[in-house]
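*Asks:* output the structure for:
(2 chains)
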Amino acid sequence: METTHLLSSAQVARFVAQGFLRLDSVVPDDLNHAATAAMPHGMPDLPYGTPLANAYEEGSFVRRIMDLPAIAGAVRSLVGPSPNVDHHAVHVREPQEGAAQHLHADAIIDTRPDAFDVQLMYYPHEVTAEMGGTLLVPGSHLRRTNETDIGRYQNLRGQVRLTCPAGTVLLLHHGIWHGGRRNDSAHRRYMFKIRLNPTVPQIRWWDTTDLGSPEVLAELDARMPWYEWATGRLEIYNRIRLWRALTCDPDFDLDHWVTRVTNRPGRTA
Amino acid sequence: MKQRVLVLYLANSALDAPVVGWSSYDGTGRSAPTAGDGDEPPYETGVDALRDGWRLFQASQLIPPHPGHEYDTSFLKHEFFFEKLE
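*Replies:* Numbering: from 1, shown residues only, chains lettered A, B, ... in the order given. All right, here's what the predicted structure looks like:
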């Protein structure tokens, strides 16, 4: 597994705050062409929990993508070494299909406070606005909602309507709200997704040399335009709790948010 | 008579608070709103929708957090349903 292209603390802080990272054009064109040729045929299922190291044959397009230093380093930074493949799937948005997917989070409600799965989304071809790229809601990943129960929400301020060059990869926290937008073009749109489960505690697997930098604090303190004013403060509180877990630093805080409401001098229960 | 429905999500429980999210459903069949179809809200506040002729017919209740879950975040709290009949 690649260890020299790890994410920085600021990048991991952005993931903790926004629930995703994007790596534009990280996959080279020859691999994009191989993937574009393979994806219309689908991908055979894997047993749940197959170790990533054993999941894909040497030379296959998926193996080659996961071995790219930038991808391997980012995956290791977020889930740690030796993750398992939960499942994978080729997603297709048909041309002129009329409606978008309802907004949702994948799987079921997932309340783990100190662990998370990472979903890798790979776009082998350019995605234009007309093709209806994935809709993402930054900062939605810590909300406790179940799958499409949020389907009523169509648009939120600050949402990302993804357009990207070929070879772009997104890395998503399992809880992020997202959906496939309506494809108004004449072309099928493909995306390949792999869900990865950690097998080790997710503590400081990234490059921590910038751990105390102002950029880390700025990333963690970012407010999303769709946040209600009061609930937005709770989002910061919950991010602090997650950052404490990932850094193993029980005293980390931003603007005293957690310290203030847990301060009970002389009380232990 | 056919109903058009506008749902606005506001930054707090006041109807004149800024819009942070929006959805619409069109019973006339003249349009087909769907997820992710726009980045700019139709109105800046809930009151702006009233001024444009939308009739408010439902607003979220203010419900205290369940004990032990005061810091949980979940659905948007300040949801207002409007209609126009045509």
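*Asks:* the strands in chain B, which residues?
*Replies:* B:3-10, B:19-26, B:55-59, B:79-85 (DSSP state E).
*Asks:* redo the ones you listed as TSV? Include distance to A:A230.
*Replies:* Yep, even glycine has a C-beta here, placed from its N, CA and C like the rest. Formatted as TSV, the strands of chain B follow (distance: least, Cβ to Cβ, whole Å):
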stretch	distance to A:A230
strand B:3-10	12
strand B:19-26	12
strand B:55-59	17
strand B:79-85	15
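*Asks:* of all these, which one is nearest chain A?
*Replies:* strand B:19-26 (3.9 Å; Cβ to the nearest Cβ).
*Asks:* related to what we said a few turns ago, out of the strands of chain B, nearest to A:F15?
*Replies:* When the strands of chain B are compared by Cβ to Cβ, strand B:19-26 sits nearest A:F15, at 22.7 Å.
*Asks:* so who does the closest residue to A:I236 other than its chain neighbours touch?
*Replies:* In this structure, A:I236 finds its nearest non-sequential neighbour in A:W257, 5.6 Å apart by Cβ to Cβ, 6 or more residues apart in numbering or on different chains. Counting by Cβ atoms under 8 Å, 6 or more residues apart in numbering or on different chains, A:W257 touches A:R233, A:I236, A:Y237, A:I240.
*Asks:* so A:P83 sits right up against A:N197, yeah?
*Replies:* Yes - if you go by Cβ atoms under 8 Å, A:P83 and A:N197 touch, sitting 6.1 Å apart.
*Asks:* what about those two, which has more around it?
*Replies:* Per other Cβ atoms under 10 Å in any protein chain shown, whichever of A:P83 and A:N197 has more neighbours is A:P83, with 25 against 18.
*Asks:* now the more buried one: how far from A:P165?
*Replies:* 27 Å (Cβ to Cβ, to the nearest Å).
*Asks:* please apply the same query to A:R241.
*Replies:* Relative to A:P165, A:R241 is positioned 36 Å away (Cβ to Cβ).
*Asks:* between those two, tell me which one has more neighbours.
*Replies:* When neighbours are counted by other Cβ under 10 Å, A:R241 and A:P165 differ, and A:R241 comes out ahead with 16 against 13.
*Asks:* A helix includes that one, no?
*Replies:* Yes - counting by DSSP: H, G, I helix; E, B strand; the rest coil, A:R241 is found in a helix.
*Asks:* ok, the closest residue in space to A:R189 that isn't next to it in sequence - how many residues close by?
*Replies:* Of all residues not flanking A:R189 in the chain, A:R93 sits nearest, at 4.2 Å (Cβ to Cβ, 6+ apart). Residues contacting A:R93 under the criterion other Cβ under 10 Å number 22.
*Asks:* and B:R55, by the same measure?
*Replies:* Counted with other Cβ under 10 Å, B:R55 comes out at 12.
*Asks:* test my guess that it contacts B:F80.
*Replies:* No - with contact defined as Cβ under 8 Å, B:R55 does not reach B:F80; the gap is 11.1 Å.
*Asks:* who does residue 85 form a beta bridge with?
*Replies:* I'll assume chain A. A:T50, A:L196 (DSSP bridges).
*Asks:* please refer instead to chain B.
*Replies:* B:L85 has these beta-bridge partners by DSSP bridges: B:Q3.
*Asks:* correct me, but it touches B:M1?
*Replies:* Yes - in this structure B:L85 lies within contact range of B:M1 using Cβ under 8 Å: 4.8 Å.
*Asks:* between those two, which one's more packed in?
*Replies:* B:L85 (9 against 5).
*Asks:* can you read off the pLDDT for the more buried one?
*Replies:* Listed pLDDT for B:L85 reads 97.
*Asks:* again, but for A:T259
*Replies:* For A:T259, the predicted pLDDT is 97.
*Asks:* contacting residues around it?
*Replies:* A:D253 are the contacts of A:T259 under Cβ under 8 Å, 6+ apart.
*Asks:* which helix or strand contains it?
*Replies:* helix A:257-262 (DSSP states H and E).
*Asks:* now that helix, how far from the centre of its chain.
*Replies:* With Cα atoms, centre = their mean, to the nearest Å as the basis, helix A:257-262 stands 28 Å off its chain's centre.
*Asks:* and what of stretch A:229-248?
*Replies:* 17 Å.
*Asks:* kindly report the same for stretch A:178-189.
*Replies:* Distance of stretch A:178-189 from the chain centroid (Cα atoms, centre = their mean) equals 20 Å.
*Asks:* do stretch A:200-212 as well
*Replies:* Put simply, stretch A:200-212 sits 17 Å off its chain's centre (Cα atoms, centre = their mean).
*Asks:* burial count for A:D45?
*Replies:* Residues within reach of A:D45, counting by other Cβ under 10 Å, total 10.
*Asks:* re the thing from before, of the strands of chain B, which is nearest A:H102?
*Replies:* Closest of those to A:H102 is strand B:19-26, at 10.7 Å (criterion: Cβ to Cβ).
*Asks:* first-to-last residue distance for stretch A:209-218?
*Replies:* Length of stretch A:209-218, first residue to last, Cα to Cα, to the nearest Å: 16 Å.
*Asks:* same thing with stretch A:182-200?
*Replies:* For stretch A:182-200, the end-to-end distance is 38 Å (Cα to Cα).
*Asks:* just stretch B:68-82 next, same as before
*Replies:* 34 Å.
*Asks:* and that stretch, does that touch chain A?
*Replies:* Yes - Stretch B:68-82 lies within reach of chain A by Cβ under 8 Å from any Cβ of the partner chain, at B:Y71, B:D72, B:T73, B:S74, B:F75, B:L76, B:K77, B:H78.
*Asks:* cool, thanks, signing off.
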